[in-house]
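Colleague: Predicted structure and sequence below. I'll ask about it afterward.
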Amino acid sequence: MPPIRVFVNAVNAFTSQHIGQFLANAAIGSSLDEEEEEEEEDGAKPKETYEIIGTLSDPEETPPKWLSQVIAEDDLSTLRSAILSCRYVVVDIGSDRSQMKLCTWAVDMMHEAMTDFPRAGKVFICISSTMTWAKTRPADPEGDPNAPILEDEYKRRRPHPKYRKELELEKHVTQQGRNTKGRFRTFVICSGLQYGDGEHHLHDMFKTAWLLKAPALSIVAPGTQVVPMIHVMDLASIVHCVIEGPPESRYILALDDASATVPLTDVGVAIADRIGMQSTELVQVSEEPLVVSNSATVEERLAISVRLESGVVKEMNVKWRCQAGIVEAIEGVAAEYRSARNLRPLRVFVHGPPMSGTEELAATLAKEYKLNLLSSDAVIANAVAALEKVAAYLERSPPAVTEEGEVVKEDEVAMEAARDAKARLDELEQSKSDNKGEYEVTQVLEWCKERVLTMSCQNQGYVVVGFPETADDAAQIFAASDEADDPDAPNPLTVPEYIFSLEAPDEVLMKRAMMLPPSETIEGSKFSEEGMRQALPAFRKANDEDREGADHTTVLNYFDFKEIHPTYFEVAEMSASDVVKAVRNVLPAPRNYGPTEEDKAEEERIRDDRKAANKDEVDRVAAENNAQAFAVHEKNQLAWTEKASEIKRQEAEALQASSIPLRTFLMKHVMPTLTEGLAEVCRSRPDDPVDALAEYLFKNNPRID
């Protein structure tokens, strides 16, 4: 028997992806079973599932594994053949209005070809959005304003201004399924705002709450609006039910039970409480001019208020995940969100003696993996700052009072908390004074325990350095809750997953301390030479499991005994970057969001600064090289000039020396006769003096004589 094929458009989009995957994994006929499906026994014949084909909203993306065939949306001939080969066609227009053209073409094409359909017929399902109900008002304006609008009132629905064309297409799809004698049935499933399984429309709210960077979670004003919603997997189950048991009604509202009662504020508060935010705030929708041709923004989708109540789905065998709504199921929805986006905390403990590089490694990991960087000093400063912030309320103007002269309840509560915080700060300051300027160890450990339990550490994780110092410290900080099954086991929500111990000989560590520049050495700190002489022995003593005395468990042994085995690194010959690389090979990939727009801008700025610095350095080096080359040239030129002068002088002296015999010869044998000849020429003034001189020299040549 050939497989039953289902066409789903844009299968890499949020809604279609979940519908396609649900159908690809659903056993054929399973939606008709009243009882929950039982697990298949070993050796049992696997149940037949649907074969999914479809288009991609982005052709460049990798198709999902469950998709058996990818059809190019612009190849109408192939697309027509593919759609007509399917018994069921599902087209989502609620997520992407650009798919309306495909929906119109497909439903018209199938309507024209229905005479060739088998007797069982074919089914076309259009997934729309409750934005086509956005302006619908109760039938009785004077009745209960909170009364829901029922599904069977769909003929009087009124859309958001941007969704008039979607409303027209809904009507067109239902019209094409009329009077077809069962050969071609069409349905419109009007879906509420989808949530769950990684999130789509509510993703910004979940992400903001998870990152904990904003002061409050923003909720679209006024907050009292009721936004119809449904879990995306519940929508997929409804599609499955329509395929296997088509209802009589061609228009179906796909909503959870809270779509007529729960205001958006309750949804936002539930997300904030479960994911990590402590407060919420109302924000107004942008007042930019309405452009009807644009898709509705998430804010516009969240701003509508229409109380709707579904009817048909209540008669279906829907495998509900969140029938009661997102608020009631927020714990499971939050778990889906973290799982789908791989948002799991990474907890790291970096251990080692002073000057081993623990602080630098911890800071690098915190930045690269986006973790909270915890040290005992930072935890103390954070705890004290929190108390000071509460106590600062006492310094504000007098509290607000009612007309009866009584303090407003909110101000009275805040003032009481401020007084308690001030009293606590005074106690801590007195305790610190009595303890030589240090807070009590038990108090610091309690602060550390509270810090690792905060939502920021529960969401992103942490890298802790400098504490705990002993096994007892670790047992107190990471102690299990009172309700834990095993009170001796550490709390799985706070205990480190990865432990790195850096080790080096004392002489290497001392040498590093002595080589620190004065600007990085604080007198009396453990990084000063004198401080190292005290800190190193104290560290060795606390971490020497073989020292004399009673049974001694080091902090590393504590974790080792709890099956959390440390990773050791000998760092004496390793650079800081080598240590980071070695640790990175042990840790998993970051389990966090990628860089935010601010992070990207900062990284771009750093890159630009680095490029500019590199250019400046290149220019500086080039200038230095040019200066050095010029200096060498000048030096060589001067040396060449001096050498040339010396050669010229020596040549002159050599010439002078070689000319002495010649001059002597000339003065003795030539010059006397020549002088007399010249004198005779001067006296006689002949017409040809040269010839006369020559004749005189011939006549008076002494050698001839």
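Modeller: That came in fine, so what should we check first? Numbers count the residues shown, from 1 in each chain.

Colleague: Now do the helices in the stretch 301-450 of the chain.
Modeller: 330-340, 358-369, 376-391, 409-434, 441-452 (DSSP state H, counting those that start in this stretch).

Colleague: How far away from the center of its chain is stretch 7-20?
Modeller: Computed by Cα atoms, centre = their mean, to the nearest Å, the chain-centroid distance of stretch 7-20 equals 25 Å.

Colleague: now do stretch 49-68
Modeller: Computed by Cα atoms, centre = their mean, the separation of stretch 49-68 from the middle of its chain amounts to 27 Å.

Colleague: Looking at the helices of the stretch 301-450 of the chain, spot the one closest to Ile647.
Modeller: Nearest of the helices of the stretch 301-450 of the chain to Ile647, taken as Cβ to Cβ: helix 358-369 at 63.2 Å. Where you see a C-beta, it was placed from the backbone N, CA and C, and this is true even at glycine.

Colleague: In the closest one, which residues are buried?
Modeller: Within helix 358-369, the residues scored as buried using 16 or more other Cβ atoms under 10 Å are 358-359, 361-362, 364-366, 369.

Colleague: For Phe569, which non-adjacent residue is closest in space?
Modeller: Leu502 (5.4 Å; Cβ to Cβ, 6 or more residues apart in numbering).

Colleague: The one you found: what secondary structure?
Modeller: Taking DSSP: H, G, I helix; E, B strand; the rest coil as the rule, one finds Leu502 in the strand state.

Colleague: Next one: it from Thr494, what distance?
Modeller: 23 Å (Cβ to Cβ, to the nearest Å).

Colleague: and Glu244, how many neighbours?
Modeller: Counted with other Cβ atoms under 10 Å, the neighbours of Glu244 add up to 17.

Colleague: cool, Pro487 as well?
Modeller: Per other Cβ under 10 Å, the neighbour tally for Pro487 reads 10.

Colleague: For the residue lying closest to it once chain neighbours are set aside, give its distance to Asp488.
Modeller: Spatial nearest neighbour of Pro487, chain neighbours left out: Ala480 (5.6 Å); criterion: Cβ to Cβ, 6+ apart. Ala480 sits 8 Å away from Asp488, going by Cβ to Cβ.

Colleague: So the two - more neighbours on which side?
Modeller: Taking other Cβ under 10 Å, Ala480 and Asp488 do not tie; Ala480 has more neighbours (18 against 9).

Colleague: Could you pull up the contacting residues of the more buried one?
Modeller: Shown in contact with Ala480 (Cβ atoms under 8 Å, 6 or more residues apart in numbering): 486-491.

Colleague: for it, phi and psi?
Modeller: phi -70, psi 160 (degrees, to the nearest 10).

Colleague: which stretches of the stretch 51-200 of the chain form helices?
Modeller: 76-84, 100-112, 164-176.

Colleague: Could I get those helices in CSV, plus columns for distance to Leu509?
Modeller: Formatted as CSV, these follow (distance: least, Cβ to Cβ, whole Å):
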stretch, distance to Leu509
helix 76-84, 70
helix 100-112, 68
helix 164-176, 70
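
Colleague: how close does the residue nearest to Pro487 get to Gly332?
Modeller: Counting by Cβ to Cβ - Ala480 and Gly332 are separated by 24 Å.

Colleague: Then Gly20?
Modeller: Taken as Cβ to Cβ, the span from Gly20 to Gly332 is 22 Å.

Colleague: Looking at those two, which one has more neighbours?
Modeller: Neighbours were counted for Gly20 and for Gly332 using other Cβ under 10 Å; Gly20 has more, 28 against 15.

Colleague: rewinding a little: count the residues that sit near the residue nearest to Phe569.
Modeller: When counting by other Cβ under 10 Å, one arrives at 22 neighbours for Leu502.

Colleague: tell me the contacts of the residue nearest the centre of the chain?
Modeller: In the chain, the centroid-proximal residue (Cα atoms, centre = their mean) is Gly594; its distance is 1.4 Å. Not one residue lies near Gly594 by Cβ under 8 Å, 6+ apart.

Colleague: And the pLDDT at it?
Modeller: Listed pLDDT for Gly594 reads 72.

Colleague: about what we covered before: I'd like to know which of the contacts of Ala480 is nearest to His669.
Modeller: Looking across these and measuring by Cβ to Cβ, the closest to His669 is Pro490, at 122.9 Å.

Colleague: which non-adjacent residue is nearest that closest one?
Modeller: Counting by Cβ to Cβ, 6+ apart, Pro490 lies nearest to Phe478, which is 4.1 Å off, once chain neighbours are set aside.

Colleague: Show the contacting residues for the residue nearest to Phe569.
Modeller: 350-353, 356-358, 361, 569, 571, 579.

Colleague: Determine which two of those are furthest apart.
Modeller: Pro353 and Val579 (14.0 Å).

Colleague: Enumerate residues external to stretch 376-386 that contact any of its residues.
Modeller: Here stretch 376-386 has contacts from 425, 428, 439, 444, 447-448, 450-451, 466-467, using Cβ under 8 Å, 6+ apart.

Colleague: which among those gets closest to Thr675?
Modeller: Taking Cβ to Cβ as the measure, Thr675 lies nearest Gly466 of the contacts of stretch 376-386, at 110.0 Å.

Colleague: is it true that the closest one touches Ser356?
Modeller: No. With contact defined as Cβ atoms under 8 Å, Gly466 does not reach Ser356; the gap is 11.8 Å.

Colleague: More neighbours: which of the two?
Modeller: A direct count of neighbours by other Cβ under 10 Å for Gly466 and Ser356 places Ser356 higher, at 23 against 19.

Colleague: ok, the more buried one - contacts?
Modeller: 502-504, 509, 571.

Colleague: Among these, find the lowest-pLDDT one for me.
Modeller: Leu509 (88).

Colleague: Could you tell me which residues make contact with it?
Modeller: 353-356, 532, 536 are the contacts of Leu509 under Cβ under 8 Å, 6+ apart.

Colleague: can you pick the most crowded of those residues?
Modeller: Result: Met355 is most packed of these (other Cβ under 10 Å), 25 neighbours.
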